[in-house]
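Participant: build me a structure from this.
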Amino acid sequence: MAGVTVVDHPLVQHKLTLMRRKETSTASFRRLLREISTLLCYEVTRHLDVTTTRIETPMMEMDSPILEGKKLVFASILRAGNGLLEGMLDLVPAARVAHIGLYRDHETLEAVEYYFKAPEDLENRLVIAVDPMLATANSAIMAMDKLKERGARNIRFLCLLAAPEGIARFQAAHPDIPIFTASIDAGLNEKGYIIPGLGDAGDRMYGTK
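Facilitator: Predicted coordinates for the structure are as follows:
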C-alpha cells in the first residue's frame, strides 16, 4: 500500500501476537507495548539525516556519523500514545515531546480536542506522531491538523495497528504524511474498532476496563 510501511520484523510480529491475546495482563501489555515501540521507532527513524563529526577513539582520530539538524519531536496523541512514547524515548532520550489531547465521542465517532502542548519551532524539526490505533482516523487527522497549524512541515505517523478505512481517510486528508505500522488489519466493526485488533489499547494499557 503506497505511503504505508508495515514493519514485519519477526520480533515485532511476535510481540504483537502476545499483545492481541485477550488473556494478556495489563502489566504484560504495557511492557510489550514499550518493547514494540522501541522496535517501531528504529524503523520510523531509519532515514534520518546524518553528518560527520571529528572524534578521537582510544586508537586514533576519525570522522564519524552523527545525527544532523534539530532534535526530533515525538507527538503523543493522548492517552494511549504515551504507551508508544515511553519506548521511543528509551531509544531517543534527547527527543522533544508534544502532547495532543483528543478523545473519541462514542456516539458520533468524531475526535474532540481538550489539550495541546508542543515545542515552538516545529517547522524546523521532524515530528513523529504516535497513537497505537489508526481506526476511523478521526483523531489522527485532527492531530495532524493541529501540528500543521503550529508549523510542522515534516511529519511521520506511527501506529501499532491500522484499518484500511482509517488509512484511506488519513491519506485523503494528509497525503504528505507517511504511515508506519506493525499491521494492517481486516477492517472496522460497527462501533469503529479495529478487527481482529486487540481491543482498546488505552484501556488495556492502564487497566481501566
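Participant: ok, which stretches of this protein are helices?
Facilitator: Remark: helices assigned in the chain by DSSP state H are 10-20, 26-44, 81-91, 138-149, 164-173, 201-206.
Participant: now do the fourth one against helix 164-173, angle only.
Facilitator: Per axes from the mean of the first three to the mean of the last three CA atoms, to 10 degrees, the angle that helix 138-149 makes with helix 164-173 is 20 degrees.
Participant: same question for the second one.
Facilitator: Between the direction of helix 26-44 and that of helix 164-173, the angle (the same axes, to 10 degrees) works out to 40 degrees.
Participant: list the contacts of G151.
Facilitator: D121, L122, E123 (CB atoms under 8 Å, 6 or more residues apart in numbering). From N, CA and C alone the C-beta is placed, and that goes for glycine too.
Participant: specify which member of those is nearest to Y114.
Facilitator: L122 (19.9 Å; CB to CB).
Participant: now that closest one. Nearest residue, chain neighbours left out?
Facilitator: With CB to CB, 6 or more residues apart in numbering as the criterion, L122 has its nearest non-adjacent residue at 4.1 Å, and that residue is A152.
Participant: that neighbour and R30, how far apart?
Facilitator: In this view, A152 and R30 are 28 Å apart by CB to CB, to the nearest Å.
Participant: ok, now V92?
Facilitator: Taking CB to CB, one finds V92 at 20 Å from R30.
Participant: R153 now?
Facilitator: Look at R153 and R30: by CB to CB, they are 33 Å apart.
Participant: the two: who's more crowded?
Facilitator: Ranked by neighbour count (other CB atoms under 10 Å), R153 and R30 place R30 first, with 18 against 13.
Participant: for the residue lying closest to the more buried one once chain neighbours are set aside, give me its contacts.
Facilitator: Using CB to CB, 6+ apart and skipping residues adjacent in sequence, the residue nearest R30 is M205, 5.3 Å away. Applying CB under 8 Å, 6+ apart to M205 gives the contacts T26, F29, R30, L33, A80, G83.
Participant: where is pLDDT lowest across the residues you listed?
Facilitator: In terms of pLDDT, A80 ranks lowest among those, with 83.
Participant: so what pLDDT did the spatially most central residue of the chain get?
Facilitator: Nearest to the geometric centre of the chain sits V130, at 2.4 Å (CA atoms, centre = their mean). pLDDT, V130: 96.
Participant: so it bridges to which residues?
Facilitator: Beta-bridge pairing for V130 (DSSP bridges): S76, L158.
Participant: wait, doesn't it sit right on E86?
Facilitator: No: applying CB atoms under 8 Å, one finds V130 not in contact with E86, separated by 10.2 Å.
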